[in-house]
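Engineer: Sequence below, structure please.
(2 chains)
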Amino acid sequence: MNDKKQVRLSRRRFLSLSVGSVGAIMGLGYLGLASDFLNPPAANAAPLQEVGKVSDFPEQTPTLVSYKGAGVEEGVYVVNLGSEGWLALDFHCTHLQCGVNWVDAANKFMCPCHGGVYDIKGNVLSGPPPQALHRRKILVEGDSVQVGGVLS
Amino acid sequence: MKWLDERLHVSELMASLFDHPVPKRSNFLDYLGFATLFVFISQAVTGMLLATKYVPSANEAYASIKALDSTVAGEYVRSLHSWGANFMIVLVVLHLLRVFYEAAYKKPRELTWIAGIILLIGTIGLSFTGYLLPWDQEGYWATTVGTAMAGYVPGIGNFLLQLMRDGAVVTGSTLTRFYSIHMLVLPALILLAFLPHFFFVLRQGMASTDELAEARNRGEDITGKSIPFWPNVAVRMTLLVLLVAIALWVLAGIYPKGLGDAADALNKNHYVPEPAWYFFGVYQLLKYFPGKFDSLAMVGLPLVFMVVLFGLPWLDRNPSRLKRKRPVALSVALVIVLGLAFLTYQGIASVPKPLPNTVVLHPSYTQNIAPIFQSKCISCHSSSSGNYALDSYAGVVKQNVVPGNPDGSKLILKLEGKDQPQMPLGQNPLSKDQIQTIKNWVQDGARNN
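Structural biologist: Take a look at the predicted model:
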């Protein structure tokens, strides 16, 4: 008697659990698809692109070049530090990402929005930026200067 | 009608929608939700029309909008849509304030309020995502700055930022993402939240009808105190909608939505972004927060605000709906509203006004000179910069201006670049006419006129 009752209950429970789990699995499947679609590309996955020749970049003078991203040009300052090597700095201010300008006369990067100031290596000198300018991958191969994605 | 009634019993449904009595003192402010619905429908229709011409691609979006703007109807529909977005924000906020003031969020209408907050978020989301779609400088940089704010969320900020942009910077992929959110995701969310929002109001009646229900339950005759919804109140609602509609149509006609320069991710022309007016409150607030606390203003405050809005029916445990019995709730709300209004006003006022583009022979300090400093200089040269402050007359003449002698004034030499580095640092120099205007003012004695 007791056994029968248990069996009947668990059958009900089994059916309602089945309905619930089929729904959950279907939902999870779509959620998985969505997260795969929405997941942004890895930060440094952007391929290397040639942005100029070594001679285009005089020492100690950051030069704004354009990296062809998806539908837009991405601003990158290529910095030839001479014996210290090369740097590629993303030109977005780390405060709220306005574009910074290299000011020759002051030897600094300046942001026009809230007055952020950076030195030639992208380190913050003053203003609200919380961190240095983001660096991007850079490779100098022979005469060719190539820039890649943002290093995280 | 009879045919439908036999099958679906529509007359019962219609009766429940239209036959209920409404208090005689029914207020126009009670119809704001209805006016919002009208503007939303206008947004949906104009949005569908725009979608027939718009090309959602970074390479073609701007050109497609430019082409659209070259026809009268195209420009008008786009202006309607843009003005409609502003109307939506204003009406939704007024509707929210009215509901708050009438304490209509309290039991039994908590769920209507929650659905309403979801609609508010959906509306703000639509404004934010729609801003980018024309792919002009304004939209590109506002989106860059707006998504950068998400980067300040502790821990997952960088992921959120990349999720919104589909990459590290705002690109064509961001445009595609925003387009689908603007066209599909948010409208679906709004529809899902709107159906219960509207259904609950039909089911429970507006809060203002409660007194009638109570009177009827006491066995009183309410015919003297009430007017029927149909057609009396419906006519008044229609009048409000007509008023809102005419305002929208006229404003869109007189002030068409312009189109700025095409988005330039390299920002060669040194465009300085500014937010849409309804974000000016946050924009201004950021100026008062020292750098370290930026994340507090950008993430903390909006989060607290959202929690308070969602939790309001439970946070406010005072059961009374009478205004004089809710002094705390009403005064806190008043402070917040006044504060936001003040910040928004300050933010808008701080935006540079158009500057003179011809030489002014005898310029006045307040009329001609101060506006130039305000738009070009004071983001760096504020009162904290000692002898170089340019945000007040006293600061300007303190050290670097020699009255009557422009060529001996350091201010002028800096602007002309004769004294390096030339100002404003890192931006285009002032125009020759602007510099000449400042020189004339110094020549005249650099007076505070």
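Engineer: Now do the residue of the stretch 51-200 of chain B at minimum distance from chain A, the pLDDT please.
Structural biologist: Chain A sits closest to B:G172 of the stretch 51-200 of chain B, with a gap of 2.2 Å, by Cβ to the nearest Cβ. Backbone N, C-alpha and C define where each C-beta goes, glycine included. On the pLDDT scale, B:G172 is placed at 89.
Engineer: That one: neighbouring residues, count only.
Structural biologist: 20 (other Cβ atoms under 10 Å in any protein chain shown).
Engineer: How about B:G157?
Structural biologist: As a measure of burial, B:G157 has 17 neighbours, counting by other Cβ under 10 Å.
Engineer: Could you do B:L242 as well?
Structural biologist: B:L242 has 12 neighbours, counted by other Cβ under 10 Å.
Engineer: counting contacts, what elements does the strand or helix carrying it pack onto?
Structural biologist: Assessed by DSSP states H and E, B:L242 sits inside helix B:234-254. In this structure, helix B:234-254 packs against helix B:32-51, helix B:72-101, with contacts taken as 3 or more Cβ pairs under 8 Å, 6 or more residues apart in numbering or on different chains; DSSP states H and E.
Engineer: Let me have those in a markdown table, extended by distance to chain A and mean neighbour count.
Structural biologist: Output for the helices and strands packed on helix B:234-254, formatted as a markdown table (distance: least, Cβ to the nearest Cβ, whole Å; neighbours: other Cβ atoms under 10 Å in any protein chain shown):
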| stretch | distance to chain A | mean neighbour count |
| --- | --- | --- |
| helix B:32-51 | 19 | 19 |
| helix B:72-101 | 22 | 19 |
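Engineer: how about those in TSV, adding distance to B:L315 and mean pLDDT?
Structural biologist: Listed next are those as TSV, based on distance: least, Cβ to Cβ, whole Å; pLDDT from 0 to 100:
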stretch	distance to B:L315	mean pLDDT
helix B:32-51	23	96
helix B:72-101	12	95
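Engineer: Select, out of those, the one closest to B:L322.
Structural biologist: helix B:72-101 (11.9 Å; Cβ to Cβ).
Engineer: before we move on, the earlier item: tell me what angle the helix holding B:L242 forms with helix B:72-101.
Structural biologist: In terms of direction (axes from the mean of the first three to the mean of the last three Cα atoms, to 10 degrees), helix B:234-254 departs from helix B:72-101 by 130 degrees.
Engineer: Can you name the next helix or strand after helix B:234-254?
Structural biologist: helix B:280-288.
Engineer: and that next one, what does it pack onto?
Structural biologist: Helix B:280-288 packs on helix B:301-315, helix B:327-349, going by 3+ Cβ pairs under 8 Å, 6+ apart.
Engineer: Between helix B:280-288 and the longest one, find me the angle.
Structural biologist: So the one you mean is helix B:327-349. With the same axes, to 10 degrees defining the directions, helix B:327-349 sits at 80 degrees from helix B:280-288.
Engineer: can helix B:327-349 be found next to chain A?
Structural biologist: No: on the criterion Cβ under 8 Å from any Cβ of the partner chain, helix B:327-349 is out of touch with chain A, staying 13.7 Å away.
Engineer: Leaving out the residues flanking it, which one is nearest to the spatially most central residue of chain B?
Structural biologist: The centroid of chain B falls nearest to B:Y278 when counting by Cα atoms, centre = their mean (2.4 Å). Residue nearest to B:Y278 in three dimensions, not counting chain neighbours: B:I89, with 5.0 Å by Cβ to Cβ, 6 or more residues apart in numbering or on different chains.
Engineer: So that neighbour sits against B:F280, correct?
Structural biologist: No: with contact defined as Cβ atoms under 8 Å, B:I89 does not count as touching B:F280 (11.9 Å).
Engineer: residues in contact with the residue nearest to B:Y278?
Structural biologist: By Cβ atoms under 8 Å, 6 or more residues apart in numbering or on different chains, B:I89 lies in contact with B:T123, B:I124, B:S127, B:Y278.
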